[in-house]
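Asks: Sequence plus the predicted model coming up.
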2 protein chains.
Amino acid sequence: MAHSEKQSGGALRGRRRKGQGPDLRESILDAAEDLFSRHGFHGVTVRQVAAEAGVDTALIHYYFGAKRELFDHVFARRAEILNGARLQAIAAYRAAHTGGDLDPEAIIRAFIDPMINLSLTGDEGWKNYFRLVALVNNTPAWGGETMSRFFDPVVRQLVDALRDALPQAEERDLYWCYQFLTGALMLALSETGRIDHLSGDLCRSTDLEAVRARLYAWCAAGLREVVSRRL
Amino acid sequence: MAHSEKQSGGALRGRRRKGQGPDLRESILDAAEDLFSRHGFHGVTVRQVAAEAGVDTALIHYYFGAKRELFDHVFARRAEILNGARLQAIAAYRAAHTGGDLDPEAIIRAFIDPMINLSLTGDEGWKNYFRLVALVNNTPAWGGETMSRFFDPVVRQLVDALRDALPQAEERDLYWCYQFLTGALMLALSETGRIDHLSGDLCRSTDLEAVRARLYAWCAAGLREVVSRRL
DNA sequence: GTCTATAGCTTGATAGAC
DNA sequence: GTCTATCAAGCTATAGAC
């Protein structure tokens, strides 16, 4: 509230960077994203963010206001890009298959592929971001509400597409299957290193190509089975 | 370290409670479990735990030492009970099917059923505990190591049993499938309420019977599919 | 825009009375 | 065992110089 006029006003947004030196605003968000994703909201101090970004704590409050607002900015920053990519992937698949049968596995692929691609080919920040989303997804106090606020529209597109692909499916089954899917997906994207230790380094949690090669098949087969058992 | 002699010594353990009034040590653990599971380690203060337990902060330090030691006590308390139940369920299934074919879905059921049963029929503390485990499971900084330390032995039993049931399966596939399973399972057990909102209350995250009716089929079908695609 | 300095509070932990 | 009292440290956030 103390800084809302600066965030919404065009003065700052219109001429940021000015071509000289790094963009401190983005540096702060990058540092916050990195730290929040590893230690959670309460596990990070504004001072740590400032130190990691190479700025002073006062500057963080100048740009983003309170600590919680900083967190929200971090969470929202990549959500739009991600949602756009996923919506487009689902729409592209539907457009290419109007009239014909829809394949549930291809729909799931369209939903997940953008995330794995961003994590693999994008900057390191995307890995931090997915870790953060996974953390929020498992945060009972406010995680469910936050996830809904940012990602429900895309999920509805997924469920809609799956319903069209499996018109005989019960509505509830689609939602439960989505929950299983997102639980498996989020854990994979957060790359906690546990599977490395567990498997004696036979599997690497950073090996998202291995995830891709298995997760779609896993989800599609599970969905088919759950839907068919109800009939 | 300041209190190690009190924790390991028999004096406190031998005559706790004395039959009068509530056991403050357990009350503290219950309160800490509740709060940690909702807000994470850093999101809870020792003072909050003390207030919730109805004791003074000094007593917490007297019993458990530092805040982190309190957390470790909370995490370890139910791990033994849980691991015992799961090991027994897997062993019981194997004992009942020596010589014959092993069913992957039944093995998965033996692995998961104790958790769902404890959450459904046990005290409220079990729900808090599973939320806590889910949170740790998705904590990059130290979650992977902690999960491994407490739960790897049981997971190895699961993987061993699945290997015997599917001798043609590739080793790596078994580990990846376990990761998908645990991601879906932990999210379900943490009951974040997101599916309620998403489905317009068609599904309830507290409805673990609905999870049970679908998760085993989901996991078993996914496992079969992943294993078969590799051949 | 960016930094210095600091106010005002909360935290984890302990010493010591009972 | 349990509580009162308290300390040193660290925290968020802001005011004001530049």
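Replies: Great, that's in hand. Numbering: from 1, shown residues only, chains lettered A, B, ... in the order given.
Asks: In contact with residue A:56, which residues?
Replies: residue A:50 (CB atoms under 8 Å, 6 or more residues apart in numbering or on different chains). C-beta coordinates here come from the backbone N, C-alpha and C atoms, glycine included.
Asks: The longest helix that chain A contains near DNA strand D anywhere?
Replies: When chain A is parsed with DSSP state H, its longest helix is helix A:67-96. Yes: using CB under 7 Å from any atom of the strand, helix A:67-96 reaches DNA strand D at A:67-68.
Asks: Say whether chain B is contacted by the strand or helix carrying residue A:27.
Replies: Using DSSP states H and E, residue A:27 maps to helix A:24-39. Yes: applying CB under 8 Å from any CB of the partner chain, one finds helix A:24-39 in contact with chain B at A:37-39.
Asks: related to what we said a few turns ago, by contact count, what packs against the longest helix of chain A?
Replies: Packing partners of helix A:67-96 (3 or more CB pairs under 8 Å, 6 or more residues apart in numbering or on different chains; DSSP states H and E): helix A:24-39, helix A:46-53, helix A:57-64, helix A:104-121, helix A:124-137, helix A:143-165.
Asks: at 7 Å instead, please
Replies: Here helix A:67-96 touches helix A:24-39, helix A:57-64, helix A:104-121, helix A:143-165, going by 3 or more CB pairs under 7 Å, 6 or more residues apart in numbering or on different chains; DSSP states H and E.
Asks: any idea of the mean pLDDT in it?
Replies: Average pLDDT, helix A:67-96: 97.
Asks: and it, which residues are buried?
Replies: A:67, A:69-75, A:77-79, A:82-83, A:85-87, A:89-90, A:93-94 (16 or more other CB atoms under 10 Å in any protein chain shown).
Asks: Please apply the same query to stretch A:203-217.
Replies: A:203, A:205, A:207-208, A:210-212, A:214-217.
Asks: hmm, back to that, check the offset of the longest helix of chain A from the chain's centre.
Replies: Distance, stretch centre to chain centre, for helix A:67-96: 7 Å (CA atoms, centre = their mean, to the nearest Å).
Asks: Now residue A:200: phi and psi?
Replies: Main-chain torsions, residue A:200, degrees, to the nearest 10: phi 60, psi 40.
Asks: What pLDDT does the model give it?
Replies: Value listed for residue A:200 in the pLDDT field: 95.
Asks: Next: residue A:100.
Replies: 87.
Asks: Just say helix, strand or coil for it.
Replies: Secondary structure, DSSP: H, G, I helix; E, B strand; the rest coil: residue A:100 is coil.
Asks: Quick check: the gap between it and residue A:202.
Replies: Going from residue A:100 to residue A:202 by CB to CB, to the nearest Å gives 40 Å.
Asks: go on, residue A:158?
Replies: For residue A:158 relative to residue A:202 (CB to CB), the value is 32 Å.
Asks: give me every residue that touches residue A:93.
Replies: Going by CB atoms under 7 Å, 6 or more residues apart in numbering or on different chains, residue A:93 touches A:106-107, A:110.
Asks: which intervals of chain A have sub-threshold pLDDT?
Replies: A:1-21, A:231 (pLDDT under 70).
Asks: who in it is up against DNA strand D?
Replies: Counting by CB under 7 Å from any atom of the strand, chain A sits next to DNA strand D at A:2, A:44-48, A:57-58, A:61, A:65-68.
Asks: if we look at DNA strand C, which of those residues are close to it?
Replies: Near DNA strand C, judged by CB under 7 Å from any atom of the strand, the entries from those are A:57-58.
Asks: right, and out of the residues of chain A next to DNA strand D, which lies closest to chain B?
Replies: Nearest to chain B, judged by CB to the nearest CB, of the residues of chain A next to DNA strand D is residue A:44 at 8.2 Å.
Asks: right, and residue A:221 touches residue B:225 too?
Replies: Yes: using CB atoms under 7 Å, residue A:221 makes contact with residue B:225 at a distance of 3.5 Å.
Asks: returning to that earlier point: quick check: the two most widely separated of the buried residues of stretch A:203-217?
Replies: A:205 and A:217 (19.0 Å; CB to CB).
Asks: Domains in chain A, by residue range?
Replies: A:4-64, A:76-229 (automatic domain parsing).
Asks: Among the buried residues of stretch A:203-217, name the ones in helices.
Replies: Per DSSP H, the buried residues of stretch A:203-217 map to helices at A:208, A:210-212, A:214-217.
Asks: okay if I get these as CSV plus distance to chain B?
Replies: Conversion of these to CSV gives the following (distance: CB to the nearest CB, whole Å):
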residue, distance to chain B
A:208, 11
A:210, 6
A:211, 7
A:212, 11
A:214, 5
A:215, 7
A:216, 10
A:217, 5
